[in-house]
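S.K.: how would this look folded up:
(one chain, ligands or ions: 1)
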Amino acid sequence: MSSSFLKTSDFSTEYLSKLIDRAILDKASPSGSRPLSGKSVALVFFNPSLRTRASMQVGIFELGGNAVILEPGGTSWTLEHREGVVMDGDKTEHLKEFVRVLERYVSAIGVRTFAGLKDWELERTDPTLNAFARYASVPVINLESAMHHPCQSMADMMTIREKLGAGKKKVLMTWAWHPKPLPMAVPNSFALAAAQFGHDLRIAHPKGYELDDELLGEIESQAAANGGTVEFTNAVDEAFDGVEVVYAKSFGSKNFYGDAEGDIRERAAYHDKWIVDEEKMAWTSDAVFMHCLPVRRNVIVTDSVIDSPRSIVIDEAENRLHIQKAIMTELIK
Ligand code: CP
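M.R.: Just a heads-up that it's a prediction; the model follows:
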């Protein structure tokens with residue numbers, strides 16, 4: 001069992017399910033316990049955030065702790081994570097010292113470090129996040145890396161259970177058009193967690209927008225082990241048929257990694273077609289609409305869908321707070 005929270009597949013479905021039970025219980029009737037009393041948690045943000053930053057800061061406060069927010073290159077020094085490099089460029093501090101100093105002050109370190117969308121073979125290994133985990137002796141919590149956003153996917157699984165009840169559901173994870181390529185962490189983590197929780201998962205995207213091969217293998221084996229199924233389609237018109245959950249997320253193509261202009265040209269054919277609208281929602285089994293947010297209205301999803309009673313995006317965002325409190329309570333003992 002990992003002492004850090006880097007991706008959901010480091011943990012059993014039973015363990016993850018208990019975290020969701022705890023979060024749902026504490027959301028309904030807050031225990032008021034303060035397991036982080038007298039403790040601090042560092043939140044290191046290499047990238048912008050609303051939900052993750054605010055929910056972690058509030059969650060740490062509600063658990064009795066203190067959040068130390070650091071922004072490398074902004075409110076703290078620029079950071080080098082590679083081993084053995086001559087640091088004669090623009091990086092002031094090495095992650096080795098950063099982590100080893102920080103953990104003398106704090107009981108856990110949360111890290112947000114997005115994909116740079118430059119080098120697929122490198123970024124798919126999550127080098128910055130894994131350097132944090134390698135150097136730290138305190139738990140590291142992934143607040144979205146190049147490949148995974150486990151706090152988001154746990155909030156997603158919690159929200160599905162809360163809204164539709166326990167047990168497997170027919171879940172669609174659909175690509176959507178967006179003016180530029182975006183990282184793959186959210187779709188990766190959503191699909192992986194949905195497989196771990198045994199849902200019947202349909203993954204829809206245009207040809208050329210496949211997820212990582214190794215991750216897909218893990219998703220398929222997790223689905224098989226947990227009583228779920230995984231199917232794939234490139235037909236947006238058929239993807240919505242009969243599903244109970246529509247989860248939309250745009251992401252870039254591995255084939256155009258490091259070539260944003262090429263990806264933008266490639267995806268132009270899907271503009272206006274790969275959008276979640278009322279017509280597609282009508283093909284579902286009265287599905288709920290989910291998105292991790294932020295979302296571009298009338299690009300990813302129409303106003304009429306996101307503003308409809310079937311949209312649960314705000315509850316989904318709220319659940320980030322509750323599930324992260326459960327995760328921190330378990331990790332920081
Ligand atoms: N969903 C999510 O992680 O939101 P932020 O990028 O605002 O933190």
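
S.K.: low-confidence ranges, the stretch 151-300 of the chain, go.
M.R.: Counting by pLDDT under 70, the stretch 151-300 of the chain contains no low-confidence segment.

S.K.: quick check: residues of it near the ligand?
M.R.: Taking CB under 6 Å from any ligand atom, the part of the stretch 151-300 of the chain that reaches the ligand is made up of 152, 292-294. Every C-beta, even on glycine, is put in place using the N, C-alpha and C of the backbone.

S.K.: the closest residue to the ligand within the stretch 51-200 of the chain sits in which helix or strand?
M.R.: At 3.2 Å from the ligand, Thr52 is the closest residue in the stretch 51-200 of the chain, using CB to the nearest ligand atom. Using DSSP states H and E, Thr52 maps to helix 51-62.

S.K.: output the contacting helices and strands for that helix.
M.R.: strand 40-45, strand 66-70, strand 108-112, helix 313-331 (3 or more CB pairs under 8 Å, 6 or more residues apart in numbering; DSSP states H and E).

S.K.: other residues contacting whichever helix or strand comes after the third one?
M.R.: Just to be clear, that refers to strand 108-112. Downstream of strand 108-112, the next assigned helix or strand under DSSP H and E is helix 120-123. The contact list for helix 120-123, computed with CB atoms under 8 Å, 6 or more residues apart in numbering, reads 115-117, 146-147, 254, 257-258.

S.K.: how about a cut-off of 6 Å?
M.R.: Residues outside helix 120-123 that contact it (CB atoms under 6 Å, 6 or more residues apart in numbering) are 115, 146, 254, 257.

S.K.: so whatever helix or strand Leu16 lives in versus helix 313-331, what angle?
M.R.: Here Leu16 sits within helix 13-28, counting by DSSP H and E. Helix 13-28 and helix 313-331 are oriented at 110 degrees to each other (axes from the mean of the first three to the mean of the last three CA atoms, to 10 degrees).

S.K.: rewinding a little: flag every buried residue along the helix holding Thr52.
M.R.: For helix 51-62, the neighbour count (16 or more other CB atoms under 10 Å) marks 51-53, 55-57, 59-60, 62 as buried.

S.K.: who's in contact with Lys163?
M.R.: Residues near Lys163 by CB under 6 Å, 6+ apart: 288, 312.

S.K.: ok, back up a step: out of the residues of the stretch 151-300 of the chain next to the ligand, which sit inside helices?
M.R.: Among these, the residues falling in helices (DSSP state H) are Gln152.
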